[in-house]
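Asks: Need the 3D shape of this:
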Amino acid sequence: MHTRAFLLSLSFFAASALSGAEDRVSLIGQVLDPSGRSLEHATVLVYHAGVKTGYSTFCPSCYVDCGKRAVTDTNGSFTIRNLSSDLLFELLVVRDGYFSGSVKSVDPSKGPAPVAVLKPRQNVSDPERVVRGRVVDSHGAPLRDVVVRPQGVLIDEPEQGHVAMYGTIAGLDLIAVTNERGEFEVSYDRPALQVLLLVEARGFAPKLFNHLPTGTDRKVLTVTEGAILRGCLIDHGKPVAGAQIGLIARQRSGGAELKLNGSPYDEIRVGTQPDGRFVITNVPIPVEWYAYGKMESIAQRGATAPVEFKTVADNQDVDIGDVQVIVGCHLRGRVVLSDDKPITDGMRVYISADGIADSQTALLQPNGGFEFTGLAPGKYLVWASVKGYQGVAWDYRSGQERPGTVRIQRDTGDFVLTLNPVK
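Replies: Sure, this is the predicted structure:
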């Protein structure tokens, strides 16, 4: 059996990043069929993002805005709110009975997105190439407009036996959406044994379904409400309003033969209320979690240490109490090019916390200088996006820490990251 390294979804396992700007915008658009008829109940998903100016090698599906979605109304219109004004977006559009479509290089600040046109789709006749399902709630009622995202596929290779592949796979549908009967189909362009699916229904906890076999039978997938998380963000005894709280599984996934170890769920984010309180509903179970204040929302105040807790049952109400803002550390450093060339404008540097999906982004100064604030004590990874350059190659068999790793216990002002020209 052979298993490829994988990224489990549009934004799974990657550190989420903001573009560094506070301005947020709304995106509007419309979805039609080839005859110009409006398509109601099409799902429009922010699939990829990228910076408008400068250069970045940051994972295009790892920005905070990726994964946001809307459903079209009777006019085929949609609105996706609260997007970064510094980013360009690629939209993925899907509807039952149609081929999925995409709209690229969308700039919400310049007006409506180009119209998305979806072509009708024929049913797949080969049962070994399709998984058919029906999503219901705990009472058996069908759920419409549920997003179903394939995460992996298991095939049978003549010379290798069972081969599990994960992530974005050529020939495998990127996404499916349930119809009014709760039904969906996910197809592959070759025979397969099983498919791994993540099901996300509004008002319910995301749920992963393993080992779903291809064939003619329609599998019933039941989703439930999940747990509720409560808490309050406090800074020196005072509530912090308008900050962002992140929630990520403590043990992330790896797997083989479509059997995963750990919890593959995406980071969940919510803002704090005027009294500093926050509530996150539909938290998946049973999972061990970290909750934390997102760095870029509280860096000017300080930092938070991750708070561990566990969800075990549907409708469980977990109150983690006060999440305290502590004094944050500063990291100052330089990105150095090994050929001594200057760094051009628009290049970026990133820092991500070890163990949680939290990061910051900064523009590099002409001399390669940068600074990050609001860092809790712990281990971090620093990497830079400089066009034409790359970091030192990392040999995972060596057992040594990856280049760019820094352990922060106090303010640090002498960190250096060296990049070499791409050969």
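Asks: Contacts for stretch 410-419 next, please.
Replies: 329-338, 349, 377, 382-384, 386, 389-392, 403-404, 406 (CB atoms under 8 Å, 6 or more residues apart in numbering). All C-beta atoms are positioned from the backbone trio N, CA, C, and that covers glycine.
Asks: Mind doing that once more with 6 Å?
Replies: Here stretch 410-419 makes contact (CB atoms under 6 Å, 6 or more residues apart in numbering) with 329-338, 382, 386, 389, 391, 404, 406.
Asks: Point me to the residue sitting farthest from the middle of the protein.
Replies: Residue distances from the centre of the chain (CA atoms, centre = their mean) peak at residue 340, which lies 35.9 Å from the mean C-alpha position.
Asks: pLDDT weak spots in the stretch 1-150 of the chain?
Replies: For the stretch 1-150 of the chain, the stretches flagged by pLDDT under 70 are 1-22.
Asks: the strands in it, which residues?
Replies: 2-3, 24-32, 43-51, 69-71, 77-84, 87-94, 101-106, 116-117, 130-136, 147-157 (DSSP state E, counting those that start in this stretch).
Asks: Out of these, which is closest to residue 321?
Replies: Of all these, strand 77-84 sits nearest to residue 321, with 28.1 Å by CB to CB.
Asks: CA-only coordinates of the closest one in CSV, if you can.
Replies: C-alpha atoms of strand 77-84 as CSV (Å, rounded to 0.1, in the frame of the first residue of the first chain):
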residue,chain,number,x,y,z
SER,A,77,-27.6,36.0,-7.1
PHE,A,78,-25.3,35.6,-4.2
THR,A,79,-23.4,37.7,-1.6
ILE,A,80,-20.3,36.6,0.3
ARG,A,81,-19.5,39.1,3.1
ASN,A,82,-16.4,40.1,5.1
LEU,A,83,-13.7,39.3,2.6
SER,A,84,-10.2,40.8,2.7
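Asks: Can you list the buried residues in it?
Replies: For strand 77-84, a neighbour-count test (16 or more other CB atoms under 10 Å) marks 77-78, 80, 83-84 as buried.
Asks: closest to residue 219 out of the strands of the stretch 1-150 of the chain?
Replies: Across the strands of the stretch 1-150 of the chain, residue 219 has its closest neighbour in strand 130-136 (4.8 Å, CB to CB).
Asks: Dihedrals phi and psi, residue 415?
Replies: phi -80, psi 130 (degrees, to the nearest 10).
Asks: Okay, and the beta partners of it?
Replies: residue 333 (DSSP bridges).
Asks: what about it, how many neighbours?
Replies: Per other CB atoms under 10 Å, the neighbour tally for residue 415 reads 18.
Asks: please begin residue numbering at 27 from this point
Replies: OK, 27 is where the count begins now, so the last one is residue 441.
Asks: So it versus residue 430, what's the distance?
Replies: Distance from residue 441 to residue 430, counting by CB to CB, to the nearest Å: 9 Å.
Asks: sorry, back to before: so the residue farthest from the centre of the chain, which state does it fall into?
Replies: Of the three states, residue 366 takes coil under DSSP: H, G, I helix; E, B strand; the rest coil.
Asks: In terms of pLDDT, where does it sit?
Replies: On pLDDT, residue 366 comes in at 91.
Asks: cool, residue 391 as well?
Replies: So residue 391 comes in at 93 (pLDDT).
Asks: Check residue 287 too.
Replies: You'll see residue 287 listed with a pLDDT of 62.
Asks: burial count for residue 410?
Replies: Residue 410: 25 neighbours (other CB under 10 Å).
Asks: go on, residue 67?
Replies: 18.
Asks: Select only the buried ones of the contacts of stretch 436-445 in ChimeraX?
Replies: Buried members of the contacts of stretch 436-445, defined by 16+ other CB under 10 Å, are picked up in ChimeraX with:
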select :355,357,359,360,361,363,408,412,415,417,430,432
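Asks: Among the contacts of stretch 436-445, list the two that are farthest apart in space.
Replies: Spatially, the most separated pair among those is 355 and 364, at 28.0 Å (CB to CB).
Asks: Just the strands from the stretch 277-426 of the chain, written as ranges.
Replies: Counting by DSSP E, counting those that start in this stretch, the segments of the stretch 277-426 of the chain that form strands are 280-282, 285-287, 294-297, 303-309, 313-319, 333-337, 343-350, 355-363, 374-379, 385-389, 395-401, 404-411, 415-416.
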